[in-house]
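Visitor: Build me a structure from this.
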Amino acid sequence: MTFSQDLLTRAQPIMTAIMAHPFVVAIADGTVPDNVLNYYVEQDEHYLKDYLTITALAVTQTDNSDDISKLLDVAQFVGNESKAHDVMLGITGHQVENWRRGPETQLYVNHMYESAYRGTYADTLAALLPCAWSYEVMGRELVAAGANNEENPLKEWIELYAPNDASKSYTIWRLAALNREVTHLTPEQQEHVAQTFLLSLEMEWRFWEAAWQQENWQFNF
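Guide: Take a look at the predicted model:
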């Protein structure tokens, strides 16, 4: 079993919980409340800006030309992800107001920055991977369940994340790159990479939960 195969096996309980989360279930049903969609988009706007920065940091950590090319492609895809936000905002009529980062958003991006600045290149890849991987799983499973039907106002959003040849190849590349990079690490360092990935994946669950619960800071400052 490869490192990534073992990692995805360990990740399955969290991924199962994400698919069962009320927010994701409501996406499948097309019944997400407007305030939940608005919160999600506002926080995701913050998150994606940091995701782009950390992807740029990953470029500086490797001299593998194929990795650099793929990371730049990923950055371009993330930069175009506003289309997914437009689908949600088209439902609610909300305009992005640059709300303050919520507690879970801040915690998530801090984890990714720490992984990039204090860890190995493998740690950076592991911190970034759960976002793309979990959305691909979500898109594939929601389409398989028929959630992208014409009656669902989030049909286009679901299909943006459903795997196609390009997105599948990027996932394969990410996992292959991770397998390659951990061969240079000690068992202790490899476990650190695994923990980095699993923490990011839990933060994905918490991101959905924060939007569903409308989580905010206790005090204004």
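Visitor: Point to the helix or strand of the protein where mean pLDDT is at its lowest.
Guide: Every helix and strand in the chain was compared by mean pLDDT, DSSP states H and E; the lowest is helix 165-182, with a mean of 82.
Visitor: ok, now how distant is the spatially most central residue of the chain from Gln218?
Guide: Against the mean C-alpha coordinate of the chain, by CA atoms, centre = their mean, the closest residue is Cys131 at 1.6 Å. Per CB to CB, to the nearest Å, Cys131 is found 27 Å from Gln218. Backbone N, C-alpha and C define where each C-beta goes, glycine included.
Visitor: Ala28 too?
Guide: Going from Ala28 to Gln218 by CB to CB gives 32 Å.
Visitor: So between the two, which is more surrounded?
Guide: Ala28 (20 against 6; other CB atoms under 10 Å).
Visitor: all helices of this structure, in order?
Guide: For the chain, helices defined by DSSP state H occupy the ranges 3-19, 22-29, 34-60, 65-79, 82-92, 103-118, 121-144, 155-161, 165-182, 187-213.
Visitor: Could you count how many residues lie near Leu216?
Guide: Leu isn't right for residue 216; it's Asn. Asn216 has 13 neighbours, counted by other CB under 10 Å.
Visitor: got a list of what it touches?
Guide: 102-103 (CB atoms under 8 Å, 6 or more residues apart in numbering).
Visitor: confidence score at it?
Guide: According to the prediction, Asn216 has pLDDT 95.
Visitor: quick one, what contacts the nearest residue to Gln95 once chain neighbours are set aside?
Guide: The shortest distance from Gln95 to any non-neighbouring residue, by CB to CB, 6 or more residues apart in numbering, is to Leu89 (7.3 Å). Neighbour list for Leu89: 37-38, 41, 95-96 [criterion: CB under 8 Å, 6+ apart].
Visitor: at 10 Å what do you get?
Guide: Neighbouring residues of Leu89 by CB atoms under 10 Å, 6 or more residues apart in numbering: 34, 37-38, 41-42, 82, 95-96.
Visitor: right, and the pair among those with maximum separation?
Guide: Taking CB to CB, the two most distant members of the contacts of Leu89 are Asp34 and Ser82; they sit 18.7 Å apart.
Visitor: quick revisit: quickly compare the helices of the chain and say which is most buried.
Guide: Ranked by mean neighbour count under mean count of other CB atoms under 10 Å, the helices of the chain are led by helix 121-144, which reaches a mean of 22.
Visitor: Using CSV, write down the CA coordinates of that helix.
Guide: Extracted C-alpha coordinates of helix 121-144, given in CSV (Å, rounded to 0.1, in the frame of the first residue of the first chain):
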residue,chain,number,x,y,z
TYR,A,121,7.4,20.5,0.7
ALA,A,122,5.4,17.4,1.4
ASP,A,123,3.7,19.1,4.3
THR,A,124,2.7,22.0,2.1
LEU,A,125,1.2,19.6,-0.5
ALA,A,126,-0.6,17.7,2.3
ALA,A,127,-2.0,20.9,3.8
LEU,A,128,-3.4,21.9,0.4
LEU,A,129,-4.7,18.6,-0.9
PRO,A,130,-7.8,17.9,1.3
CYS,A,131,-9.7,20.9,-0.2
ALA,A,132,-9.3,19.7,-3.8
TRP,A,133,-9.7,16.0,-2.9
SER,A,134,-12.8,16.4,-0.8
TYR,A,135,-14.6,18.6,-3.3
GLU,A,136,-13.8,16.1,-6.1
VAL,A,137,-15.3,13.3,-3.9
MET,A,138,-18.3,15.4,-3.2
GLY,A,139,-18.9,16.3,-6.8
ARG,A,140,-18.5,12.7,-7.9
GLU,A,141,-20.9,11.3,-5.2
LEU,A,142,-23.5,14.0,-5.6
VAL,A,143,-23.6,13.5,-9.4
ALA,A,144,-23.8,9.7,-8.9
